[in-house]
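In: Attaching a predicted model along with its sequence, questions to come.
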Amino acid sequence: MEVPPKSPDGSEKSPQSRELITSSTGSTLCVSSRSESVWTSAPRSKWDIYHKPVIVVSVGAAVFLFGVVITSLSCFLTKNKKVYKMCGPAFLSLGLMLLVCGLVWIPIIRKKQKQRQKSQFLQSLKSFFFNR
């Protein structure tokens, strides 16, 4: 009677069975990828779709308002006037940049959602006509 060779770590599994176990993870690679599948995408809420641009817009607005306050302090306070004049416009520009990026991001997401809906519709039509 032939005894299968033991693996170096002491487990009873042969190298072939270990290969089979690790090769099954290849099918889960597609599921864990960033791109969403047309077949498995569940309906998402508005917050799930728009939470990133909303956060960017709100942070941009807060930084912009902080820049307005710092810039206005340079007009009223005489102590550290140069610091306020340097930091104020920096916060203004950073806040405005974030605000505009977030506001541009929202229509891009809307356009992607419409394209995804069209793609799902075309995929269902394609499967209807070609799977007969």
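Out: In hand now; what should we look at? Bear in mind that the values here come from a model prediction, so they are computed numbers and not experimental data.

In: can you map out the helices along this protein?
Out: 15-23, 26-31, 46-76, 81-130 (DSSP state H).

In: Deepest-packed of the ones you listed, please.
Out: helix 46-76 (a mean of 15; mean count of other CB atoms under 10 Å). C-beta coordinates here come from the backbone N, C-alpha and C atoms, glycine included.

In: Which strands and helices lie in contact with that helix?
Out: helix 81-130 (3 or more CB pairs under 8 Å, 6 or more residues apart in numbering; DSSP states H and E).

In: just checking, what packs against the helix it packs on?
Out: helix 46-76.

In: what's the angle between the helix it packs on and helix 81-130?
Out: 160 degrees (axes from the mean of the first three to the mean of the last three CA atoms, to 10 degrees).

In: List the contacts of stretch 93-106.
Out: 50, 52-67 (CB atoms under 8 Å, 6 or more residues apart in numbering).

In: at 7 Å instead, please
Out: 50, 53, 56, 57, 59, 60, 61, 63, 64, 66, 67 (CB atoms under 7 Å, 6 or more residues apart in numbering).

In: just to revisit the earlier point, return the member of the helices of the chain having the minimum mean pLDDT.
Out: Comparing mean pLDDT over the helices of the chain, the weakest stretch is helix 26-31, at a mean of 47.

In: In a markdown table, list the contacts of stretch 93-106 along with distance to residue 87.
Out: Converted to a markdown table, the contacts of stretch 93-106 look like this (distance: CB to CB, whole Å):
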| residue | distance to residue 87 |
| --- | --- |
| 50 | 31 |
| 53 | 27 |
| 56 | 22 |
| 57 | 22 |
| 59 | 17 |
| 60 | 17 |
| 61 | 18 |
| 63 | 12 |
| 64 | 13 |
| 66 | 10 |
| 67 | 8 |
